[in-house]
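**Student:** Sharing a sequence plus its predicted fold:
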Amino acid sequence: MKVFFNQLFDYNFYCNKKLIEECNKLENVSEKSISLFSHILNAHHIWNARILGKPAEYEAWQVHPIKDWGDIHYENQRSSFEITTNADDFEERIDYENSEGRLFTNTLQDILFHIINHSTHHRSQISMDFRSNDLEPIPLDFIFYKR
């Protein structure tokens, strides 16, 4: 399970890094894409904090300047690898409070998979936003990463 999640987080890191590099090259990035990518970073951070039992430093929809994305992304990745490396039981139940203050419990593996899936979902929205702004989306399919 560790190998599986490390590979998924490596793929996630690759995709986010490509998107950060592309946005750094662009003269104008839409507010929608900035908001969505900031949300990807924030949600990843929030879920890591929940797993580790720490307070989150960011709000779910807090917007970050593009110049800060790389540092936040790197820290998210480092934290996720620390979690997966130190995990003894991916079926471990994690209790957490959602953004509305409701209490939930999910397994560690479900939360880790959610982080990856959530990021993929919003990167797809960013790709659509790129297209609507006459920009070519970056090909980020898993199979391209594996080639």
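**Tutor:** That came through fine. Residues are numbered from 1 along each chain as shown.
**Student:** Look at the closest residue to residue 113 other than its chain neighbours and say how many residues are nearby.
**Tutor:** For residue 113, the nearest residue in space outside its immediate sequence neighbours is residue 8; the separation is 7.5 Å by CB to CB, 6 or more residues apart in numbering. For glycine as for every other residue, the C-beta is placed from the backbone atoms N, C-alpha and C. Using other CB atoms under 10 Å, residue 8 is surrounded by 20 other residues.
**Student:** Also the one 4 residues further on?
**Tutor:** Look at residue 12: counted by other CB under 10 Å, it has 25 neighbours.
**Student:** Would you list the phi and psi of it?
**Tutor:** As for residue 12, its main-chain torsions (degrees, to the nearest 10) stand at phi -60, psi -40.
**Student:** same check, this time on the one 5 residues further on
**Tutor:** Here the main-chain torsion angles of residue 17 (degrees, to the nearest 10) amount to phi -60, psi -40.
**Student:** for it, what are its contacts?
**Tutor:** Taking CB atoms under 8 Å, 6 or more residues apart in numbering, we find residue 17 in contact with 70, 73.
**Student:** Just the pLDDT at it, thanks.
**Tutor:** pLDDT, the model's per-residue confidence, is 98 for residue 17.
**Student:** before we move on, what about residue 147?
**Tutor:** Residue 147 is assigned a predicted lDDT (pLDDT) of 89.
**Student:** quick one: it from residue 15, how far?
**Tutor:** 14 Å (CB to CB, to the nearest Å).
**Student:** just to revisit the earlier point, got a list of what the residue nearest to residue 113 touches?
**Tutor:** Shown here is residue 8, whose contacts under the criterion CB under 8 Å, 6+ apart are 112-113, 116.
**Student:** and if you look at residue 126?
**Tutor:** Contact partners of residue 126, counting by CB under 8 Å, 6+ apart, are 19, 33, 36-37, 137.
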